[in-house]
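Enquirer: Next one to model:
(chains A and B)
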Amino acid sequence: MSHIEILRAGVLTTCQDAGRPGWGHLAVPPSGAADRPSWRLANQLAGNPTGACALETTLNGATVRAHRNVTVVVGGAPCAVTVDGRPESWGQPVKLQAGSVLDAGPAEVGVRSYLAFSGGLHPKSSLGSHSTCLLSGLGPAPLKDGDTIPLGPSPAHPPLPTQWPAPWAGIGEDIVMKLHLGPRLEWFRPEAVAELTRGVWTVSEHSNRIGLRLEGPSLKRTDPAAELPSEGIAAGGLQVPPNGQPILFGADHPTTGGYPVIGVVGPEAQAAAAQARPGTRIRFVPLPMPHWSKRS
Amino acid sequence: MSTGRTTAAPRLRPLPAGPRGILIDCGTTAAARACYRSLQNRRMSGLLEAEDLVPGATTVLVDGVDEPELLAAELPGWPLTEEPEAVGEAVEIPVCYDGPDLEAVAALWGVSTDDVADIHSGIEYEAAFCGFSPGFAYLEGLPERYHVPRRESPRTKVPAGSLAIAGPYTGVYPRTSPGGWQLIATMTNPGRLWNEHREPAALLIPGTRVRFAAVRV
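Expert: Numbering: from 1, shown residues only, chains lettered A, B, ... in the order given. Below you'll find the predicted structure:
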């Protein structure tokens, strides 16, 4: 079994698995890895079953010591990888001997790197998930230097041999997102859709796993004083508070909210949002409301 | 035991909430509760596959459905039981009416602080929905004449176990957090509200009936 030891936790390193979906009715955010495809691929390359818990770093990586022989894959945001000071491969399985130190350096682009260890990590779980949730405080606390995390038994399947490049998604400086309009489009002035189509928003530095705060054109409501009774928020919801500056909700989003959601982005855009640094430019391609939602 | 009134519910309005979600606007809180129960029953009997059902004040979010358009097409014909049989006993929560906003609320209600305790603990509430923090339930039941506004400036730190009111709702904070509601009482054992090792983890799940018992210390 044994464990890994965090030597340098960086700005924010958390344990993340598939999260705890299905508890929204108790006000439990879904949480889980913010960039799902990267987390999933890192686990696959490490030979782990779907859903294993990995480390998620933020901007400046992390350093860990392995206390048993273990295979690790560093993926997601590209970064320099070293083992005991020697350069090693990013995005590929790397063998660590017991006692070796792995360093995942600052993200060259993007925000979040994933460190998947063969056997997966087994920190404390809550409601069936090992994920840290920044909003609710559920799951293990964000990691600190010196923390240790138990490793699970090595998987029966050895890590995948990869002589070909693994299909890591590229991370761009500009992001174009498909935005499924609704549920509360009718709360906005008619010109809001045109604004969404031609506007460019910039990711604010006050962004985190809960959501990206976007700075740009104001999305104006028909009645700024109207109050929306609290309602459930879907993953990827674009909520517009009274100041008109939208918030794109991430993995640790609140389950309900009292400001209208003008549109919702799908899983692919949510993953891209998880790698969007402050300053990243975001544009939207609004997709019309489906025919069944039209008032009869 | 009431058998409930069954009505066709033309009020249910499906709104798109992303590629795999529907927000059902039910119009009223009563319809939202009935709709939530109906969705739960459908899910339990295998008629609906959804990752999450999240009730709101007058809505239910159905998230993680493969074909939202099929659910949307079914909705207008749904019979909803408006007043279902009450399920189980009401949960009793002992509280001490000693909150820092008790006098302000007494002034707004035009009664004494003792009367606030009597009036508030004399009502049976129902958890309409959860939000804000795991295990925080929005409890309905306060008559409209007792609705009070939120505080003008929210507190940065409201202690766990604080019982607060705002608008039509009563709520008890499961853990220390910021909050803008008026604090009128304190729950003696706030640890009951949220326990990850219990099923369900929240004491007050949507649909739970609640009574507050005034205790003196």
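
Enquirer: Quickly list what the residue nearest to residue B:36 when sequence neighbours are not counted is bridged to.
Expert: Spatial nearest neighbour of residue B:36, chain neighbours left out: residue B:55 (4.3 Å); criterion: C-beta to C-beta, 6 or more residues apart in numbering or on different chains. Using the backbone N, CA and C atoms, a C-beta is placed for each residue, glycine as well. For residue B:55, the beta-bridge partners are residue B:60 (DSSP bridges).

Enquirer: So for the lengthiest helix in chain B, mean pLDDT?
Expert: As assigned by DSSP state H, the longest helix anywhere in chain B is helix B:29-44. Per-residue pLDDT over helix B:29-44 has a mean of 92.

Enquirer: So which bits of that helix are buried?
Expert: Burial within helix B:29-44, assessed by neighbour count using 16 or more other C-beta atoms under 10 Å in any protein chain shown, is assigned to B:29, B:31-40, B:42.

Enquirer: Show me what it packs onto, helices and strands only.
Expert: strand B:52-55, strand B:59-63, strand B:79-81, strand B:125-130 (3 or more C-beta pairs under 8 Å, 6 or more residues apart in numbering or on different chains; DSSP states H and E).

Enquirer: Contacts for it next, please.
Expert: With C-beta atoms under 8 Å, 6 or more residues apart in numbering or on different chains as the test, helix B:29-44 has contacts from B:9, B:11-12, B:24, B:26, B:48-50, B:53, B:55-60, B:62, B:78, B:80-84, B:126, B:128-129, B:140, B:206-207.

Enquirer: Can you turn the buried subset of these into a selection I can paste into ChimeraX?
Expert: Those of these that count as buried under 16+ other C-beta under 10 Å are selected in ChimeraX with:
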select /B:9,11,12,24,26,48,50,53,55,56,57,58,59,60,62,78,80,81,82,84,126,128,129,140,206,207
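
Enquirer: Let me see the contact set for residue A:32.
Expert: With C-beta under 8 Å, 6+ apart, residue A:32 has these contacts: A:16-21, A:129, A:131, A:251.

Enquirer: biggest separation within these, which pair?
Expert: A:16 and A:21 (13.3 Å; C-beta to C-beta).

Enquirer: Could you check which of these two has the larger neighbour count?
Expert: residue A:16 (28 against 18; other C-beta atoms under 10 Å in any protein chain shown).

Enquirer: The residue nearest the centre of chain A is in what secondary structure piece?
Expert: Nearest residue to the geometric centre of chain A (C-alpha atoms, centre = their mean): residue A:34, 1.3 Å. Assigned by DSSP states H and E, residue A:34 belongs to neither a helix nor a strand.

Enquirer: now do the one 5 residues further on
Expert: Using DSSP H and E, the element containing residue A:39 is helix A:36-45.

Enquirer: Return the distance of the next helix or strand after that helix from the chain's centre.
Expert: Next in sequence after helix A:36-45, counting helices and strands by DSSP H and E, comes strand A:54-56. Put simply, strand A:54-56 sits 10 Å off its chain's centre (C-alpha atoms, centre = their mean, to the nearest Å).

Enquirer: for stretch B:100-107, same thing?
Expert: With C-alpha atoms, centre = their mean, you get 23 Å for stretch B:100-107.

Enquirer: Keeping just the C-alphas, turn stretch A:175-185 into PDB.
Expert: C-alpha atoms of stretch A:175-185 as PDB (Å, rounded to 0.1, in the frame of the first residue of the first chain):
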ATOM      1  CA  ILE A 175     -11.400  29.800 -26.300                       C
ATOM      2  CA  VAL A 176     -14.600  29.600 -28.300                       C
ATOM      3  CA  MET A 177     -17.500  27.900 -26.500                       C
ATOM      4  CA  LYS A 178     -20.800  26.600 -27.700                       C
ATOM      5  CA  LEU A 179     -23.400  28.100 -25.300                       C
ATOM      6  CA  HIS A 180     -26.800  26.400 -25.100                       C
ATOM      7  CA  LEU A 181     -29.100  29.300 -24.500                       C
ATOM      8  CA  GLY A 182     -31.500  29.000 -21.600                       C
ATOM      9  CA  PRO A 183     -33.000  28.400 -19.100                       C
ATOM     10  CA  ARG A 184     -33.500  32.100 -18.300                       C
ATOM     11  CA  LEU A 185     -32.800  33.800 -21.600                       C
END
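
Enquirer: Could you list the buried residues of it?
Expert: A:175, A:177, A:179-185.

Enquirer: circling back to that earlier point, where's the residue nearest to the centre of chain A relative to residue B:52, distance?
Expert: According to C-beta to C-beta, to the nearest Å, residue A:34 stands 18 Å off from residue B:52.

Enquirer: for residue B:100, same thing?
Expert: From residue B:100 to residue B:52 the distance is 36 Å (C-beta to C-beta).

Enquirer: more crowded one of those two?
Expert: The neighbour comparison of residue B:100 against residue B:52 (other C-beta under 10 Å) goes to residue B:52, with 21 against 13.

Enquirer: That one contacts residue A:26, correct?
Expert: No. Checked against C-beta atoms under 8 Å, the pair residue B:52 and residue A:26 is beyond contact range at 10.6 Å.

Enquirer: give the contact list for the residue nearest to residue B:116 when sequence neighbours are not counted.
Expert: Spatial nearest neighbour of residue B:116, chain neighbours left out: residue B:106 (5.0 Å); criterion: C-beta to C-beta, 6+ apart. Contact analysis of residue B:106 by C-beta under 8 Å, 6+ apart lists B:112-113, B:115-116.

Enquirer: Confirm that residue B:106 sits in a strand.
Expert: No. Using DSSP: H, G, I helix; E, B strand; the rest coil, the secondary structure at residue B:106 is helix, not a strand.

Enquirer: Show the pLDDT at it.
Expert: 98.

Enquirer: swap in residue A:293?
Expert: Among the per-residue scores, residue A:293 holds a pLDDT of 84.

Enquirer: hmm, back to that, and chain B, which of the contacts of residue A:32 reach it?
Expert: residue A:21 (C-beta under 8 Å from any C-beta of the partner chain).

Enquirer: what's the closest of the contacts of residue A:32 to chain B?
Expert: residue A:21 (5.2 Å; C-beta to the nearest C-beta).

Enquirer: SS state for that closest one?
Expert: Following three-state DSSP, residue A:21 is assigned to coil.

Enquirer: one step back: next, work out how far apart the residue nearest to residue B:116 and chain A are.
Expert: According to C-beta to the nearest C-beta, to the nearest Å, residue B:106 and chain A sit 26 Å apart.

Enquirer: again with residue B:154
Expert: Per C-beta to the nearest C-beta, residue B:154 is found 14 Å from chain A.

Enquirer: For stretch A:36-45, give the mean pLDDT please.
Expert: The model assigns stretch A:36-45 a mean pLDDT of 95.

Enquirer: Stretch A:249-261 now?
Expert: The average pLDDT within stretch A:249-261 is 96.

Enquirer: With stretch B:200-217 instead?
Expert: 93.

Enquirer: in that stretch, what's buried?
Expert: Buried, per 16+ other C-beta under 10 Å, within stretch B:200-217: B:201-210, B:212, B:214.

Enquirer: In contact with residue B:157, which residues?
Expert: B:176-178.

Enquirer: Can you name the element that comes right after the helix or strand hosting it?
Expert: With secondary structure defined by DSSP H and E, residue B:157 is part of strand B:155-158. Next along the chain after strand B:155-158, taking DSSP H and E as the criterion, comes strand B:162-166.
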